[in-house]
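1. predicted model and sequence below, questions to follow.
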Amino acid sequence: AQSVAQPEDQVNVAEGNPLTVKCTYSVSGNPYLFWYVQYPNRGLQFLLKYITGDNLVKGSYGFEAEFNKSQTSFHLKKPSALVSDSALYFCAVRDPPRGDSSYKLIFGSGTRLLVRP
Amino acid sequence: KAGVTQTPRYLIKTRGQQVTLSCSPISGHRSVSWYQQTPGQGLQFLFEYFSETQRNKGNFPGRFSGRQFSNSRSEMNVSTLELGDSALYLCASSLPGTGQETQYFGPGTRLLVL
């Protein structure tokens, strides 16, 4: 079964510093991985996805993620954090990874990012 | 292009009642999925519909059901509400086809069961 893990419940970073939100995955076959962000009282906003190709994926709002097959990780990064980046971040994996176009997303438990001024 | 819309945004019900939530997908999107978000269980998949057919179902009791209409709009119904059904219910739509598509989420319906 596909699964993702987000080992940190919360990440604290100062504005202007780089940020990393960690995600590891467990899948059979090649994974389709996603990052979403959730602001208070809002739905999930898509940030980026890895399907195939370059291991460094660039997404919305200056975020990027690095796919590392050997470490089964897909960490979310941003070179310079903003206070407005404070939100709940979810890593997700597509299940099943290939084949039937019908699929569901399996989400990690979420990481709360707090960027202090 | 307008995003995924969900109605109502907030709902208060009592135990034993039933509730119907509505979702309108992004124009042109024909796949609609539903997820439940709770503090304890996180985000869990409920079901997915495409062309008015349920293609995938999560591990939820039969009290949770859904349907999709010919215009791709979807509804989900929860009968005999329990306190534990209090949650944020999220709808997502996508353009099915390649298997690489992205699911785009609506703002959710927050259900409180008293």
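-> Ah, there it is.

2. contact partners of the helix or strand bottoming out on mean pLDDT in chain B?
-> The weakest-scoring helix or strand in chain B, judged by mean pLDDT, DSSP states H and E, is strand B:53-57 (a mean of 91). Residues outside strand B:53-57 that contact it (CB atoms under 8 Å, 6 or more residues apart in numbering or on different chains): A:100, A:102-104, B:33, B:45-49, B:66, B:68. In this view, the C-beta of every residue, glycine as well, is placed from N, C-alpha and C.

3. ok, which pair from these is furthest apart?
-> Distances among those were taken as CB to CB; the most separated pair is A:D100 and B:G66, at 18.8 Å.

4. more neighbours: which of those two?
-> When A:D100 and B:G66 are compared for neighbours, B:G66 comes out ahead with 22 against 10, by other CB atoms under 10 Å in any protein chain shown.

5. residues near the nearest residue to that one once chain neighbours are set aside, how many?
-> Nearest residue to B:G66, sequence neighbours excluded (CB to CB, 6 or more residues apart in numbering or on different chains): B:M76, at 4.2 Å. Using other CB under 10 Å, B:M76 has 22 neighbouring residues.

6. close to chain A: what parts of chain B are there?
-> Applying CB under 8 Å from any CB of the partner chain, we find that chain B lies next to chain A at B:4, B:6, B:31, B:33, B:35, B:42-43, B:45, B:48, B:50, B:55-56, B:58, B:90, B:92, B:96-108, B:110.

7. contact partners of the lengthiest strand in chain A?
-> When chain A is parsed with DSSP state E, its longest strand is strand A:87-95. For strand A:87-95, the surrounding residues in contact (CB under 8 Å, 6+ apart) are A:1-4, A:6, A:21, A:23, A:25, A:27, A:31-40, A:44, A:47, A:74, A:76, A:103-108, A:110-113, B:43, B:99.

8. just say helix, strand or coil for B:A2.
-> coil (DSSP: H, G, I helix; E, B strand; the rest coil).

9. quick check: it touching B:I26?
-> Yes. Contact criterion CB atoms under 8 Å: B:A2 and B:I26 qualify, at 7.0 Å.

10. thinking again about what came up before, what lines up beside the longest strand of chain A in the sheet?
-> In the sheet, strand A:87-95 lines up against strand A:33-38 (antiparallel), strand A:104-107 (antiparallel), strand A:111-116 (antiparallel) (DSSP bridges).

11. dump the least confident helix or strand of chain B to PDB, restricted to CA.
-> The C-alpha atoms that make up strand B:53-57 are tabulated as PDB, following Å, rounded to 0.1, in the frame of the first residue of the first chain:
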ATOM      1  CA  THR B  53     -20.300   6.300 -11.900                       C
ATOM      2  CA  GLN B  54     -18.500   5.600  -8.600                       C
ATOM      3  CA  ARG B  55     -15.000   4.400  -9.600                       C
ATOM      4  CA  ASN B  56     -13.300   4.300  -6.200                       C
ATOM      5  CA  LYS B  57     -14.400   4.100  -2.600                       C
END
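
12. and it, what's buried?
-> Neighbour-count burial for strand B:53-57, with 16 or more other CB atoms under 10 Å in any protein chain shown as criterion, is recorded at B:55-56.

13. and after that strand, which helix or strand comes next?
-> Of the helices and strands lying after strand B:53-57 in sequence (DSSP states H and E), the nearest is strand B:64-68.

14. give me the spatial nearest neighbour of A:Y39, chain neighbours excluded.
-> In space, A:Y39 is closest to A:A87, 5.0 Å off (CB to CB, 6+ apart).

15. burial count for the one you found?
-> 19.
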